[in-house]
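1. sequence first, predicted coordinates after that:
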Amino acid sequence: MIQKTQTTEFIQSLFDELSTVDSFYEKHFQDLSPLQWHWKPNPKLWSIAQCVEHIILTNEGYVSHMEKILSKPKNQHKTPHQEFKSDWIGKRFMKALLPESTEKFKAPKIFIPSDQPSDVQSRLKACNRLLEDFIRKAEHYDLNIKIPLLESRLIYLKLGDRLKTLIMHKIRHLNQAYRVKTHPDFPEK
């Protein structure tokens, strides 16, 4: 049986998750030195700053993409459904993003962070506001509208699933950043 979620409850659950994720970020990454932000356990792994910049690039890219899709005339007159249902592809993406998932993904070129990202803390705050504002807007749309992936126009996720996966993606990469921070060779200030 497919789980049905009331739109307002679903949107509130997204805000609750964002709040939890942002608290985790504040607790673990707010007071790092520049050396700590840019330290890598090895040259092939990302630094904390790169993990955060990847989150920023992904969220900014998708919010812009979704706004373009929703601004099309065919989507302007769709009224919000009372119910949102994740479909099989949305569930598959979410399963792959769970913290316990061992699936590895290569980041698409458009989402690869720079070698030395700058100003990631203020950029992340701005990106968080952008995502929160978009989620507020999304409540007024049908969350079952299909949104093509930026990196593959052959795969579509429902708007609700895309929003959920963006938050799960943020969790995944903050966990990756936390593994960098807890590495035994991580520098002290």
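-> In hand now; what should we look at?

2. tell me the helix or strand right after the lowest-mean-pLDDT helix or strand in the chain.
-> Ranked by mean pLDDT, DSSP states H and E, the weakest helix or strand in the chain is strand 4-6, scoring a mean of 66. Next in sequence after strand 4-6, counting helices and strands by DSSP states H and E, comes helix 7-29.

3. centre of the chain to that next one, how far?
-> 11 Å (Cα atoms, centre = their mean, to the nearest Å).

4. other SSEs contacting that helix?
-> strand 83-85, helix 120-138, helix 159-181 (3 or more Cβ pairs under 8 Å, 6 or more residues apart in numbering; DSSP states H and E). Every C-beta, even on glycine, is put in place using the N, C-alpha and C of the backbone.

5. now with 7 Å?
-> Other helices and strands packing on helix 7-29, by 3 or more Cβ pairs under 7 Å, 6 or more residues apart in numbering; DSSP states H and E, are helix 120-138, helix 159-181.

6. what's the spacing between residue 183 and residue 126?
-> Separation of residue 183 from residue 126 (Cβ to Cβ, to the nearest Å): 28 Å.

7. the residue nearest to residue 52 when sequence neighbours are not counted: neighbouring residues, count only.
-> Once flanking residues are discounted, residue 52 sits nearest to residue 120: 4.4 Å by Cβ to Cβ, 6 or more residues apart in numbering. Residue 120: 23 surrounding residues under other Cβ atoms under 10 Å.

8. surely residue 120 is in contact with residue 49?
-> Yes - with contact defined as Cβ atoms under 7 Å, residue 120 reaches residue 49; the gap is 5.1 Å.

9. and the residue nearest the centre of the protein?
-> Of all residues in the chain, the one closest to the mean position by Cα atoms, centre = their mean is residue 166, 2.8 Å from it.

10. okay, now the unreliable bits of the chain?
-> For the chain, the stretches flagged by pLDDT under 70 are 1-5, 76-82.

11. quick one on the thing from earlier: for the residue nearest to the centre of the chain, give me its contacts.
-> By Cβ atoms under 7 Å, 6 or more residues apart in numbering, the residues touching residue 166 are 59, 62, 131.
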